Each structure stands twice: as structure tokens, then as C-alpha cells.
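*Asks:* give the three-dimensional model of this entry:
(one chain, ligands or ions: 1)
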Amino acid sequence: MHCDDAVFQNYYAHFRGMDRKTIIIIVFAGSFLLMQLIPRKHSNPEVNPVEEFSPDRSVTELALLQSACFDCHSNETVYPWYSYVQPIALWLDHHVQEGREELNFSTWHTLPMDKQAHKLEECSEMVESKEMPLSSFTWTHPEARLSAAERQQIVDWFNRLRSEY
Ligand code: HEC
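*Replies:* Next up is the predicted model:
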């Protein structure tokens, strides 16, 4: 009898343990599924070519800008598959919104000249100090990582454009 009790207790403890694990898994899976109902705010407002940042004769620098900055600072964001999964979508949409508010190369020419000049100065500083592109971005976008030479090239370019104002 005593022995049976122990076996039962043991079995019961095991069962309860399993049960709790199952409940935790169900709660997590359920919350994850429910989270998918949170609306995503992915958007790419139409780009008006007249407003776009389009310095002449800067093909290589523009390509660097496109791969390192445009996902957050233009209306041409490329949304990867995981950006459709919540809660990642919330986090990315917030970044893109904040990024565009600070600086949007797609609406560059809607800024007054003095503002444009100031933004170029900030761009140069941000790239030189390695604050931009954000490291959370380069971590998932290896093509956006700037080599030291590319960084210098883009900084010189921003400075040159700035001096033309
Ligand atoms: C992953 C998104 C992301 C990428 C990629 C990115 N930025 Fe940003 N950027 C932001 C966000 C968010 C802010 C606003 C908050 C902050 O300053 O951290 C910002 C702010 C800025 C500012 C304004 C800083 C200030 O002084 O207020 C400049 C200038 C800038 N970024 C330039 C760049 C340049 C140039 C690149 C490419 C080399 C780049 N960013 C790439 C998200 C990004």
C-alpha cells in the first residue's frame, strides 16, 4: 500500500508537471496567435520624383544610401517576411515611422534649403560616428554594413554636398 502510494504520488507529480508545461505552451501559442491580430502599419507612400533626393553623378554613393539608409529614411522601405510577424511588426513600424519623421530622402525637396543643409550635416555626423545605420538593422541586413572605406566615402560625399549649399 505504502509502495503504491509512492508510485501514485510520483505519477501524479509527473502528470501535473506535464500538464503545467502544456498549459504554458498553450498560453504562449495563444498569445502569439492573438498578437497577429494587431494591425501592421507597413506603408510606402508614393514617391514623387520631383521631391526625391537625387544628387547628380553620385551613382555609387546613392547605391550605398539605398542599401544602408532607405529602409528607414525613405518611402521605399523593403519589408522582409518577418516584418509581417507580430510583435516584430510593431517594433519595425515604429522605427520606420521615427526614421521617416527625422529624415525622408523621398520627400527631400519639400524641405527648405537651410533644413536640407542641416540634414546633410547630421547625416555626415551620424555615419562618421557609426550611429547610423542602426546596429539592429545591420545585424539583420549584412548588405547594409558599411566598410571603413565606404563610410568615409559617404561622409565625404555628404560634406561635399553640404558645401554646395
Ligand atoms: C533601421 C532603421 C534605420 C536605418 C537603416 C537608418 N536610420 Fe537613421 N534614424 C533611424 C531612427 C529610428 C532615427 C530617429 C531616432 C534616433 O535618432 O535614433 C534616425 C535618425 C537619423 C538622423 C537624425 C539624427 C538626429 O540628429 O536627430 C539622421 C541624420 C539619420 N538617421 C541618418 C541616417 C543615415 C545617413 C543612414 C544610412 C547610412 C541611416 N540613418 C540609417 C533609423 C534608421
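
*Asks:* got the residues of this protein near the ligand?
*Replies:* Within the chain, the positions near the ligand by CB under 6 Å from any ligand atom are 68-69, 71-73, 95, 98-99, 102-103, 122-123, 126-127, 132-134, 137. In this view, the C-beta of every residue, glycine as well, is placed from N, C-alpha and C.

*Asks:* buried ones among these?
*Replies:* Buried residues within the residues of the chain next to the ligand, defined by neighbour count using 16 or more other CB atoms under 10 Å: 68-69, 71-73, 95, 99, 103, 123, 126-127, 132-134, 137.

*Asks:* out of the residues you listed, list just those in helices.
*Replies:* The helices, defined by DSSP state H, take in 68, 71, 72, 73, 95, 99, 123, 126, 127, 137 from these.

*Asks:* could I get those in CSV, plus columns for pLDDT?
*Replies:* Shown next, in CSV, are these (pLDDT from 0 to 100):
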residue, pLDDT
68, 96
71, 96
72, 97
73, 98
95, 94
99, 97
123, 98
126, 97
127, 97
137, 94
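
*Asks:* in the protein, which residue is closest to the centre?
*Replies:* Centroid-nearest residue in the chain: residue 92, 4.8 Å away (criterion: CA atoms, centre = their mean).

*Asks:* can you classify the closest residue to residue 90 other than its chain neighbours by secondary structure?
*Replies:* Nearest residue to residue 90 in three dimensions, chain neighbours excluded: residue 38, at 6.5 Å (CB to CB, 6 or more residues apart in numbering). Applying DSSP: H, G, I helix; E, B strand; the rest coil to residue 38 yields a three-state assignment of coil.

*Asks:* quick one, what contacts residue 38?
*Replies:* Counting by CB atoms under 8 Å, 6 or more residues apart in numbering, residue 38 touches 86, 87, 89, 90.
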